[in-house]
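1. Pasting the sequence and the predicted model now:
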Amino acid sequence: MSLTDLTLQELSTKLAAREVSAVEATRACLDRIRAVDGQVHAFLRVDEQGALAAAAASDSRRGAGGALSQLEGVPLALKDNLLTEGLETTCASRILGGFIPPYDATVVRLLKDAGAVLLGKTNQDEFAMGSSNETSAFGPCHNPYALDRAPGGSSGGSAAAVAAREAFGALGTDTGGSIRQPAALCNVVGLKPTYGRVSRFGVIAFASSLDQVGPLGRTVADVAALLQFIARHDAQDATSVPATVPDYSAELEAGVAGMRLGLPREYFAGGMDPEVEQAVRDAARAYEQMGATLVEVSLPHTRYALAAYYLIAPAEASSNLARYDGVRYGLRAKGVRGLEELYSRTREEGFGPEVKRRIMLGTYALSAGYYDAYYLKAQKVRTLIRRDFEQALAGVDALLTPTSPVPAFRLGEKVDDPLAMYLMDVFTLPCNLAGLPGLSLPGGFTRAGLPVGLQLLGRPFDEARLLRVARAFEREHPFHARAPQL
Amino acid sequence: MPIEDFQPVIGLEVHAQLLTGSKLFCSCATTFGAPPNHHVCPVCLGMPGVLPVLNARVVEFAVRTGLALRCEVRRTSVWARKNYFYPDMPKGYQITQYDQPICEHGVLTIDTPGGERDVRIRRIHMEEDAGKSVHDAHAGASLVDLNRAGVPLLEIVSEPDIRSSEEAAEYLKALRDVVVYLGVNDGNLEEGSFRCDANVSVMPRGSATLGTRVELKNLNSFRFVRLAIDYEIARQVEVLESGGKVQQETRLWDAQRSETRAMRGKEEAHDYRYFPEPDLPPLHLEDALLDRVATSLPELPRPRFRRFVSQYGLPEDTAHVLTGERALADYFEAVALHVKDPKRLANWLQGELLRLLKEENALLSALRFTPAQLGELLGMVEAGTLSASAAKDVFAEMFRTGRAPRDVVAEKGLAQESDVGAVEAVVDQVLAACPKEVAQYQAGKKQVLGFLVGQVMRAMKGKGNPALVNQVLKSRLGE
């Protein structure tokens, strides 16, 4: 067994026992990246020097008895929409090519303060817009379990890096499923925290009212450990909530006996791959055997969620992406005459087709005369969806659903069909509209060997319970241990 | 129809830069005059990933202004994004307030030839300022300075209740007095920290249908406000009279040519695509904040003016001058506690004090002497122990050195003899020494009195109280 096969928790224990040094762990990751990332392309940028320097610093802290935390010396990967001071951050877009941030995102600073080693920036869909990683301006990432297939998106690189044993954990962002869907397709655990639980400061905005940073790891415990360090109120983010942060690992092993798990009727209404549906039903039965009660619940407005999401998210994006104008940073088109041309040529050259599509969608949805019919109505639907969840979750501890309607699909298969691609988020995006926490965990494999993800949705700020429910399944069904053949 | 048959209808939009130390959504300084792009940070540069954090002081200033203008203050107001591209607007949108502004439905009272009139305030909202584009400093390129980007503004919008350019200027002056009194704005039109746009339309008198309105910009003095509005009224009337239609457009006042010219027309009108700012939760105001601001509100210029007239018996123009500036009014009242005659004080402040301040280019806040000392000086004049002209010299000395008036008077020997017995003794001596002049006086040659006064003053080395000397002489001469 190689060093990189250890889970984050196992590595942390070995680092603490001085059986392994941070430099050794970091070199192991860098070697693994060198060996497999040519095929996977999970990383857009590997910061070898920075990582080794951070690892050496970590080892000397530990040598002096000053280990900072459980993450001390643990090599991690960061999605490329998280700002890293002094390290190029592009959001997988040409328009930010060469952009060196002058500051760290709050989550990046928290990880640095915890002593973690940051390996580099992972691939993603451009501006986090996509469900396959194929909209990346720098080439797609490949699913480590089937290299001709998509890892999911938008945090495909983070999920693939963790699955391919290139990093011990990663951070991603989730606007409509961008952590959970790739986690499901890559057989890892991914958590989207409650909106406001983790700071968005320094996170390149896609849709401000939906974006949330979250951890990806190989096990539930690894994800709990990462969440522990990024769940924090941040005065620099007015939407950050000053709720107390529980010990996310304390009740991981407490089991689900006596719990009530809801199965939303609307999520099993057809359109799902039969093998995915089977995996979710098997999981439900497994929970029952562990002492949980299954309850059928209804989320009646689910069928409007996709439409509402694809008005609200692009509307906010059309405004958030206005700052990329070629005036202050990033790409500036060459040889332009006049201001209009500076704007149009820079944005024409800098943005990919999916980003342009969403900017146009959003601009339209906010236009005079259409605002009420589209944006405002979508916000009303959003309120109804939130109410659905409130009612459903009042009677159960968590909801169990599939994460993605299908397992990993072939690269290129859906890229020319935006609507088919948008349907990949149909089970994940209602949770973003409602601001709730959601988690995806490995739920088995199809006959073709493709991972299937289970999704758990919970009440606001109830991440600890989701982790506990997830861990109960993982303990009985350790699908996560099956590594990809690379 | 002659121009008199048209009724101008005017509404004003004022942008007042708030006197906070830091910007609306970051901690950068708001100081004017720093080198370009000096007071900037990732937030006000609109870097990727940044988020706005509201400056609580701005909210307080907005509430203060709203209460002073008798507005309804919303307990929950909402931030909005106004989307448009401009190089000096770093995010591609301005954070402002739209359909739920912090204050609405206020009133500002102004003076008109027909007496006082109320102009309704439609709304007051908070927003961030843009930076500055410099177009002529560099050949072939425009330069952008973002020092001002993110500086907090209040936009104060009147209803179209204003009927002439004079009323517009009165409204602006009254509004400026209020915001300056409140300490929220410096009232500087020339530097652009108090900016005004005017919406102007005309309609036939008696008509109930408003004409098409034109927005006037670049009105950076009270004079330009009057000139531009008058020009625009005449222009619109001419357009209508020649059978044309007024275009809804934005026009710029050109001070060089004294005319307005079209800036952008309706066909180019922006769709700002307003929507609620997702990075800022709705702003909820606590009762405690409203109470605190309400109780700390200073007396406003207009009520204070009325009180100065009634309480101190000052003429209206004097009261206007004194209440025109809060610091001067405060100073007047501080000294008034120490004097018997507030009118004398008012004249003294208007004359001597303002003159010296102007001559020395000094500030009221930097005076070297205390209000009590000025009160003491005026008390000597009231008691007759110091002549008015000597008092001016003493005052000039106090102004320069800050020395106590009694020390200056003693050192320069300026005290006046106002003891009746002492004056009578000298008068008796002088009359005894001048029998010829006494006889002439009593024979009817009254002008001899001047000579006798001179003799008395000489004997008293100039320190006799002139009024007292006159009075004693006359009574001794039998009048």
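-> Looks like it came in fine.

2. quick one: secondary structure of the nearest residue to residue A:173 once chain neighbours are set aside?
-> Closest residue to residue A:173 in three dimensions, ignoring its sequence neighbours and counting by C-beta to C-beta, 6 or more residues apart in numbering or on different chains: residue A:213, at 5.2 Å. Yep, even glycine has a C-beta here, placed from its N, CA and C like the rest. Per DSSP: H, G, I helix; E, B strand; the rest coil, the secondary structure class of residue A:213 is strand.

3. residues touching residue A:213, list them.
-> Residues counted as contacts of residue A:213 (C-beta atoms under 8 Å, 6 or more residues apart in numbering or on different chains) are A:82, A:107, A:171, A:172, A:173, A:174, A:193, A:198, A:199, A:200, A:203, A:230.

4. ok, which stretches of the stretch 351-479 of chain B are helices?
-> B:354-360, B:371-383, B:388-401, B:405-412, B:420-433, B:435-442, B:448-459, B:466-476 (DSSP state H, counting those that start in this stretch).

5. Show me the contact partners of the first one.
-> Contacts to helix B:354-360, defined as C-beta under 8 Å, 6+ apart, come from residues B:362, B:363, B:364, B:395, B:396, B:399.

6. for those residues, which one is nearest residue B:250?
-> Proximity of those to residue B:250 (C-beta to C-beta) peaks at residue B:363, which lies at 38.8 Å.

7. For the closest one, give me its contacts.
-> Applying C-beta under 8 Å, 6+ apart, one finds that residue B:363 lies in contact with residue B:357.

8. any chance you could map the strands in the stretch 101-250 of chain A?
-> A:117-122, A:170-174, A:189-192, A:212-217 (DSSP state E, counting those that start in this stretch).

9. could you dump the shortest one to PDB, C-alpha only?
-> These are the backbone C-alpha positions of strand A:189-192, laid out as PDB (Å, rounded to 0.1, in the frame of the first residue of the first chain):
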ATOM      1  CA  VAL A 189     -17.500  12.100  -0.100                       C
ATOM      2  CA  GLY A 190     -18.500  15.700  -0.800                       C
ATOM      3  CA  LEU A 191     -20.400  18.100   1.500                       C
ATOM      4  CA  LYS A 192     -22.100  21.300   0.600                       C
END
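
10. Pull the residues that contact it.
-> Strand A:189-192 has contacts (C-beta under 8 Å, 6+ apart) with A:155, A:159, A:172, A:174, A:177, A:179-180, A:182-184, A:212, A:214-220, A:222-223, A:227, A:431-432, A:437-442, A:463, A:466-467, A:470, A:474, A:480.

11. What's the mean pLDDT across that strand?
-> Regarding strand A:189-192, the rounded mean pLDDT is 98.

12. The closest residue to chain B within chain A: how many residues sit nearby?
-> Per C-beta to the nearest C-beta, the residue of chain A with the smallest distance to chain B is residue A:322, at 2.4 Å. Here the count is done by other C-beta atoms under 10 Å in any protein chain shown, and residue A:322 has 23 residues near it.

13. before we move on, what about residue A:353?
-> 12.

14. what does residue B:60 give?
-> Other residues near residue B:60 number 18, with proximity taken as other C-beta under 10 Å.

15. cool, and the one 5 residues further on?
-> A count of neighbours around residue B:65, defined by other C-beta under 10 Å, yields 27.

16. can you tell me the helix or strand for the residue nearest to residue A:205 when sequence neighbours are not counted?
-> Of all residues beyond its chain neighbours, the one nearest residue A:205 is residue A:320 (4.2 Å), with distances taken as C-beta to C-beta, 6+ apart. Secondary structure assigned from DSSP states H and E places residue A:320 in helix A:305-320.

17. Now do the nearest residue to residue B:151 once chain neighbours are set aside, the pLDDT please.
-> When the adjacent residues along the chain are set aside, residue B:151 lies closest to residue B:129, with 4.2 Å between them (C-beta to C-beta, 6+ apart). The confidence metric pLDDT takes the value 96 at residue B:129.

18. Could you count how many residues lie near residue B:129?
-> Here the neighbour count serves as a burial measure; for residue B:129 (other C-beta under 10 Å) it reads 25.

19. roughly how far out does the helix or strand harbouring residue A:344 sit from the chain middle?
-> Using DSSP H and E, residue A:344 falls within helix A:339-350. Using C-alpha atoms, centre = their mean, to the nearest Å, we find the averaged C-alpha position of helix A:339-350 to lie 31 Å away from the chain's own average C-alpha position.

20. quick one, longest strand in chain B?
-> Among all segments of chain B classified by DSSP state E, the strand with the greatest residue count is strand B:115-128.

21. related to what we said a few turns ago, can I assume the residue nearest to residue A:205 is in contact with residue A:209?
-> No. Assessed by C-beta atoms under 8 Å, residue A:320 is found out of contact with residue A:209, at 10.6 Å.

22. tell me the centre residue of the chain?
-> All of this refers to chain A. When chain A is reduced to its mean C-alpha position, the nearest residue by C-alpha atoms, centre = their mean turns out to be residue A:179, at 2.1 Å.

23. let's do chain B instead
-> For chain B, the residue sitting closest to the mean C-alpha position, by C-alpha atoms, centre = their mean, is residue B:177 at 4.2 Å.
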